[in-house]
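> here's a sequence, model it:
(2 chains)
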Amino acid sequence: MKGERHLRVVPPPPEGGDSARKTAEMRLNEAAHEAWGDEPPPTEAELREALELERALDEGIDPVAAALRSAYRPEPLDDVDHEALLARAFGDAGAPPTAAEKREAERLAGELDAMKGRRTAPEPKSEPAELSEALRAAWAPRSIEPLKNEALIAKALQKAPSRGRRALPVTMVALTSLAAVAAGIALFFGQARQLEQSAPTAAAPTNAGASVAQAALIRARSTTDLFDPETPFPRSGGTTERIDRIVAARSADLRANRFASWGVR
Amino acid sequence: MIARALLGPVIAASLLILGCATQSEGTGAGTGTCSCEPSVPVVDPTLLAFLSKARAAHHEADLAEEKGDREQAVRALLKIVEGPRPGGEPPSPEVAEVIADTRARLADLRSALGDFERARADVDEGLRLAPGVTHFRGHLVEVRGLVEERRAKALKEKGDEGGAAKARDEALKAFEEAIEIQDQVIAEALKQKEKGAKPAPP
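Residues are numbered from 1 along each chain as shown, chains lettered A, B, ... in the order given. As a prediction, the model looks like this:
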């Protein structure tokens, strides 16, 4: 819409026959043209909103208009309201309500009375009335009318797939499974790469199929290289000393493996 | 139907891969093996735990022997050979060699106690774990000779000349075999030493 629109009272069509109706329509069109110019006529929603605003302005409950009016031309307070506001400012929670508060309360009571027992779609309400209705519905929800219940069930069933029951859609299963496989592969290769970067090769190189992580660690192996091959074991005794040597050597190997797995060189 | 058909194989594959990826993570220092690849045991805490246990048992046996209590020494060493073995079957090389050496000591102790049959069983079990040409095997064969030598002496004291002669022959045979094994080990060591000392070919 361009510029401001002004509401005008359009005269009702005169009673009479077809010619009279045509004449009335022509007058209406002319009046609309005069009112809106080249702009398209307002929609029903716009008209309804305008009427609502007009009513709020008349009753003095539109917050923006009331604030503007109070700022531009403040009205004197009643003595009762003045005393009540002062008492409240000094912390008296039991101070009497002001006239404006009483008006709001009465309006809310009227809306609540109108809502009581109503089962049809609600009309536009004030914010406190909507809050009150929500609280009431949460505390003591009303039962659904049987016909409405049937309608809701029928609507829900209509939305359900007509084919046989299926646990999961094919696409979802396939995508989830692929994601799991990809995560497994990433974990596997990520860990192997980390070990490869952090640990020096302390063992013989592995074949192509062996894990990189395994290759980076010292393998279990024969202990014969810990003993002088040119000196056979004594016939009796010496076993404890041999075990001591084996444990000492493999303790060092384990320490090296731990450092390798931690990425310490 | 397609979803159900896909679900099984894909989940199985995912679990297999995840299992491989997480197994090495769960074994402390990144050790252990995965069933998805060739078995490559590494030096890990489990192996060290076994070796430490073996060391403690041998020291316990030493103390028992110092007291002259061979039976207690045998009981101490049985904790090694009868307990759990890391690496399963066959055990890892270190485990196999430690058990083989322990079997040799057990055979020595048992034959000194006169229990020749169990001593021979110890030697046989040790030889099963040390099939290669090593000093461990040579030592076991030598202990077999020692066992038979003691048996021969015991039988002779009992007046069983035939049995004693047979045991003596067994002992001689075992000592010869032990020398042969030790010779092979020494020869192999010398060969390796000579190979390492040779200058690299141009």
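> burial of A:Thr223, as a residue count?
Counted with other Cβ atoms under 10 Å in any protein chain shown, residues neighbouring A:Thr223 total 22. Where you see a C-beta, it was placed from the backbone N, CA and C, and this is true even at glycine.
> phi, psi of it?
Dihedral pair for A:Thr223: phi -100, psi 10, per degrees, to the nearest 10.
> give me the phi and psi for the residue of chain A positioned farthest from its centre.
In chain A, the greatest distance from the average C-alpha position (Cα atoms, centre = their mean) is reached by A:Arg235, at 81.4 Å. Phi and psi for A:Arg235, reported as degrees, to the nearest 10, are phi -60, psi -40.
> please determine how far the residue most central in space within chain A is located from chain B.
Residue closest to the average C-alpha location in chain A (Cα atoms, centre = their mean): A:Ala134, at 20.1 Å. In this view, A:Ala134 and chain B are 42 Å apart by Cβ to the nearest Cβ, to the nearest Å.
> so the helix or strand containing B:Ile181, near chain A or not?
Element membership for B:Ile181, per DSSP states H and E: helix B:161-197. Yes. Helix B:161-197 comes into contact with chain A (Cβ under 8 Å from any Cβ of the partner chain), by way of B:182, B:185-186, B:188-190.
> which strands and helices sit next to that helix?
Contacts defined by 3 or more Cβ pairs under 8 Å, 6 or more residues apart in numbering or on different chains; DSSP states H and E place helix B:161-197 against helix B:135-158.
> what are the buried residues along the helix it packs on?
B:135-152, B:154-155 (16 or more other Cβ atoms under 10 Å in any protein chain shown).
> surely A:Arg221 is within a strand?
No. Per DSSP: H, G, I helix; E, B strand; the rest coil, A:Arg221 lies outside any strand segment and is coil.
> excluding chain neighbours, what is closest to B:Phe116?
Distance criterion Cβ to Cβ, 6 or more residues apart in numbering or on different chains; nearest residue to B:Phe116, sequence neighbours excluded, is B:Arg151 at 4.5 Å.
> show me what contacts that neighbour?
Residues in contact with B:Arg151, defined by Cβ atoms under 8 Å, 6 or more residues apart in numbering or on different chains, are B:111, B:116, B:163-164, B:167, B:170-171.
> PyMOL command for the buried members of these?
Selection of buried members from the contacts of B:Arg151 for PyMOL, criterion 16+ other Cβ under 10 Å:
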select buried, chain B and resi 111+116+164+167+170+171
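> tell me the one among the contacts of B:Arg151 nearest to A:Gly110.
A:Gly110 has its nearest neighbour among the contacts of B:Arg151 in B:Ser111, at 112.4 Å by Cβ to Cβ.
> now do the same for that closest one: helix, strand or coil?
B:Ser111 - assigned by three-state DSSP - is helix.
> that one against B:Arg150, yeah?
Yes. Shown here, B:Ser111 and B:Arg150 form a contact pair, counting by Cβ atoms under 8 Å, at 4.7 Å.
> which residues of the stretch 101-250 of chain A score low on pLDDT?
Low-confidence segments of the stretch 101-250 of chain A (pLDDT under 70): A:117-125, A:160-169, A:188-215.
> let me fix that, I meant to ask about chain B.
B:1-40, B:197-202.
> redo that, cut-off 50
Along chain B, the model assigns pLDDT under 50 to residues B:20-38, B:199-202.
> so which strand or helix has the residue nearest to A:Met115 when sequence neighbours are not counted?
Spatially, and ignoring its direct neighbours in sequence, A:Met115 is nearest to A:Glu133 (6.0 Å; Cβ to Cβ, 6+ apart). For A:Glu133, the host element (DSSP H and E) is helix A:127-139.
> I would like the residues contacting the helix or strand just after that helix, please.
Beyond helix A:127-139 on the C-terminal side, the first helix or strand identified by DSSP H and E is helix A:146-159. Residues outside helix A:146-159 that contact it (Cβ under 8 Å, 6+ apart) are A:Ile144.
> give the buried residues for helix A:146-159.
Result for helix A:146-159 [16+ other Cβ under 10 Å]: no buried residues.
> stretch A:48-64 too?
Across stretch A:48-64, burial judged by 16+ other Cβ under 10 Å covers A:Asp62.
> only alpha carbons, please: show it as CSV.
Extracted in CSV, the C-alpha atoms of stretch A:48-64 (Å, rounded to 0.1, in the frame of the first residue of the first chain):
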residue,chain,number,x,y,z
ARG,A,48,-10.5,-6.6,10.2
GLU,A,49,-7.2,-5.5,11.6
ALA,A,50,-8.2,-1.8,11.1
LEU,A,51,-11.5,-2.3,12.8
GLU,A,52,-9.7,-4.0,15.8
LEU,A,53,-7.3,-1.1,16.0
GLU,A,54,-10.1,1.4,15.8
ARG,A,55,-11.9,-0.3,18.7
ALA,A,56,-8.7,-0.4,20.7
LEU,A,57,-8.2,3.3,20.1
ASP,A,58,-11.7,4.1,21.1
GLU,A,59,-11.4,2.1,24.3
GLY,A,60,-8.0,3.5,25.0
ILE,A,61,-6.3,0.1,25.4
ASP,A,62,-3.9,0.2,22.5
PRO,A,63,-0.5,0.4,24.3
VAL,A,64,1.3,2.4,21.7
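> chain center to it: distance?
Stretch A:48-64 sits 34 Å away from the centroid of its parent chain (Cα atoms, centre = their mean, to the nearest Å).
> report the mean confidence score over that stretch.
Per-residue pLDDT values across stretch A:48-64 average out to 87.
> wait, is A:Pro42 part of a helix?
No. Counting by three-state DSSP, A:Pro42 falls outside a helix, being coil.
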